[in-house]
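In: just a sequence and a predicted model for now, questions to come.
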Amino acid sequence: PVGTEKTYLDGWTIVVYADAFAALHAADWMTKKGGFEFTPVFARESFVRQALKRVPNDPLYPKQWHLDDSAPFNIGMKGAWDIATGKGINMAIIDDALEIKHEDLTNAYPLESGYHKNFKEDGSPNDPSPMKATENHGTYCGGLAMAAGFNNRGVLGVAPEARAMGLRFVGGATADDAAQVALGWEPEGIFTHVSSNSWGPSDDGKSDGRVSSLQMAGLQKGATQNRGGLGTVFAISCGNGRDSGDDASYDAFSGSRFGIAVAAVERAGKQSSYSESGMSVAIAAFGGEFQPLNVMWSTNVSGDEAFKNKADNFPTTEAPINYTDTANGTSSAAPQVSGAAALLLEVNPKLGYRDVKEILMRTAKQDGLEGNDGFKKNGGGFNFSHAFGAGLLNVADALEMAKNWVNLDLLQSTAYTFVGPNEIPDGGAPLIMDLNFKEAADKLRVEHVELTVNIKHKNRGDLQFIIQSPSGFQAVALPRKPDDNADFTDYMFTSP
């Protein structure tokens, strides 16, 4: 032997030999001599005990580039499904329809549950399913949010085990009270954790973007009373009217502080060509573009007619029957945020709607994003862009933050009024109104500023509104040149 080593085994010593042949010779000698107890010391291969990595087996998943965590720009799905899948979370899909019997939406509640609603005049009152093949918007949005996963079928959603409730509402003649019911939806005996909304007022750049007081009452009720007071989390697309000169600041629905306004990014990290900027934009997710490699894959209305419609309208389509590769828009971005909210609420069911919004914004990614507005830090410590809000959705980091999150304090509000009349200067000079919030600021942490204006002006499209904080950060509602209407009456703008 060439040496010995102590061991932690009583009475045992490691004897070291020059090589394997010398060790074998010694073993042979000890065996023949007798009276020795020995055992070889082997070199054993050890393996890292890595946490479970749940790999999707859905055949169209490789086409879903928006879920690819290896891409330069991604929404941070790496490892997310090992932590949460949306199990136990209920999501309302408010849209033109939702095909609840689709082969890949098997986690939708059955029709007999009574958890669905049809607000349109055609069809059964409790069935949200499409009445025609062209009512496919809600089915593809629903698939992006919560298509069933790990089932060897089709695609998967961000929250592949969330349960869906379909509310057939958009695209038909529906009364204002229907909007109130849809947004406040919470069937007896269950919670509505999340509501996905890929719809809103016109994006033509000249409509005033208002919604009815009943609709806003439903939104407020859902956010403040549902889920035992913790509130439904509303993800709302911020609008596709950028090419029409529209600005999300003028959208009363997505701009409400009770929702999360979602902008769109294309796969190379640029602001999608249609995605509106605005002071109320909270976060961004993927919406893609119009070209084949930049569109989204999701579920489509089932059957030959829908498949033919898709092929006729999009000759480059490669998606099989019952699926689509033609989805885009802020309509596609909002469901991803809905799915992310479902994952967060599975991890921490005690989060309020404000907590979910803040976690998503605090963990969003800004690096490399290109839009018509760069990121600037505000007084609350958030990096903010009018194009992307706080940045690109980052699911993995949001889940980690959610685990030990301490809920925000109860919401408080304070109001100040500035009364004119004041003439608006011509030639671009600003009309400045200073409001002193010092007393409130000493007591409150400001989450939002709601600015309500009454202005008489013959061409309101010439006007721009800026809310500037003491830190110097500016929330801006740009002028909308196509808007040749007059006056703003009780018109509210909401800061991020």
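Out: Everything's here; your move.
In: ok, Arg480 - contacts?
Out: Residues counted as contacts of Arg480 (CB atoms under 8 Å, 6 or more residues apart in numbering) are 205-206, 245-247, 250, 461. From N, CA and C alone the C-beta is placed, and that goes for glycine too.
In: try 6 Å this time
Out: Listed by CB atoms under 6 Å, 6 or more residues apart in numbering, the contact set of Arg480 reads 205, 245, 247, 461.
In: same question for Ala306.
Out: With contact taken as CB under 6 Å, 6+ apart, Ala306 is in contact with 133, 300.
In: cutoff 7 Å now
Out: The contact partners of Ala306, taken as CB atoms under 7 Å, 6 or more residues apart in numbering, are 133, 136, 300.
In: please name the nearest non-neighbouring residue to the last one.
Out: Counting by CB to CB, 6 or more residues apart in numbering, Asn300 lies nearest to Thr324, which is 3.8 Å off, once chain neighbours are set aside.
In: tell me the SS of Leu411?
Out: coil (DSSP: H, G, I helix; E, B strand; the rest coil).
In: report pLDDT for Phe38.
Out: With respect to pLDDT, Phe38 scores 83.
In: is it true that it touches Met30?
Out: Yes. With contact defined as CB atoms under 7 Å, Phe38 reaches Met30; the gap is 5.9 Å.
In: name the residue closest to the centre of this structure, please.
Out: The central residue of the chain, meaning the one whose C-alpha is nearest the mean C-alpha position (CA atoms, centre = their mean), is Val337 at 0.9 Å.
In: that residue: which element?
Out: For Val337, the element it lies in under DSSP states H and E is helix 330-347.
In: likewise for Ile75?
Out: In this structure, Ile75 sits in neither a helix nor a strand according to DSSP H and E.
In: dihedrals phi and psi, it?
Out: In this entry, Ile75 is assigned phi and psi values of phi -100, psi 20 (degrees, to the nearest 10).
In: swap in Ser213?
Out: Ser213 has phi and psi values of phi -60, psi -30 when expressed as degrees, to the nearest 10.
In: likewise for the one 4 residues further on?
Out: Note on Ala217: its backbone torsions stand at phi -70, psi -40 [degrees, to the nearest 10].
In: from here on, call the first residue 41.
Out: Sure thing, new numbering starts at 41, so read that last one as Ala257.
In: residue contacts, it?
Out: Taking CB under 7 Å, 6+ apart as the definition, contacts of Ala257 comprise Gln220.
In: now with 10 Å, please.
Out: 216-217, 219-220, 223-224 (CB atoms under 10 Å, 6 or more residues apart in numbering).
In: can you tell me how far it sits from Asp217?
Out: Using CB to CB, to the nearest Å, we find Ala257 at a distance of 10 Å from Asp217.
In: on that earlier part again, most neighbours among the contacts of Ala346, please name it.
Out: Note: the member of these with the most neighbours is Asn340, at 30 neighbours, neighbours being other CB atoms under 10 Å.
In: that residue touches Lys348, doesn't it?
Out: No. Asn340 lies out of contact with Lys348 (CB atoms under 10 Å); the separation is 11.5 Å.
In: now do the shared contacts for the two.
Out: Here Asn340 and Lys348 have 173, 361 as joint contacts, going by CB under 10 Å, 6+ apart.
In: would you check which pair of the contacts of Arg520 lies furthest apart?
Out: Farthest pair in the contacts of Arg520 (CB to CB) is Asp287 and Gly501. Separation: 10.6 Å.
In: poorly predicted segments of this structure, please.
Out: In the prediction, the chain carries residues with pLDDT under 70 at positions 82-92, 213, 461, 477-483.
In: would you map the helices across the stretch 141-290 of the chain?
Out: Along the stretch 141-290 of the chain, the segments classed as helices by DSSP state H, counting those that start in this stretch run 177-186, 216-223, 253-264.
In: so which bits of the longest one are buried?
Out: So the one you mean is helix 253-264. Of the residues in helix 253-264, those buried by neighbour count under the rule 16 or more other CB atoms under 10 Å are 254-264.
In: swap in the second one?
Out: Neighbour counts over helix 216-223 (16+ other CB under 10 Å) mark 218-223 as buried.
In: try stretch 225-237
Out: In stretch 225-237, residues buried by neighbour count (16+ other CB under 10 Å) are 225-227, 231-237.
In: ok so, going back, and which of the buried residues of helix 216-223 is nearest to Phe513?
Out: Out of the buried residues of helix 216-223, the one with the shortest distance to Phe513 is Leu223. That distance is 30.5 Å, counting by CB to CB.
In: wait, what's in contact with the nearest residue to Gly414 once chain neighbours are set aside?
Out: The shortest distance from Gly414 to any residue that is not its chain neighbour, by CB to CB, 6+ apart, is 6.2 Å, and that residue is Ser425. Taking CB under 10 Å, 6+ apart, we find Ser425 in contact with 303, 311, 317, 321, 324, 406, 409, 411-416, 431, 536.
In: redo that, cut-off 8 Å
Out: Contacts of Ser425 by CB under 8 Å, 6+ apart are 321, 406, 409, 411, 413-416, 431.
In: now it: phi and psi?
Out: Taking degrees, to the nearest 10, you get phi -130, psi 140 for the backbone angles of Ser425.
In: and the contacts of Arg520 as TSV, adding neighbour count and distance to Cys181?
Out: What follows is those, written out as TSV (neighbours: other CB atoms under 10 Å; distance: CB to CB, whole Å):
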residue	neighbour count	distance to Cys181
Gly245	20	24
Gly285	18	25
Asp287	27	23
Gly501	17	31
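In: closest to Met401 among those?
Out: Of all the contacts of Arg520, the one with the least separation from Met401 (CB to CB) is Asp287, at 20.0 Å.
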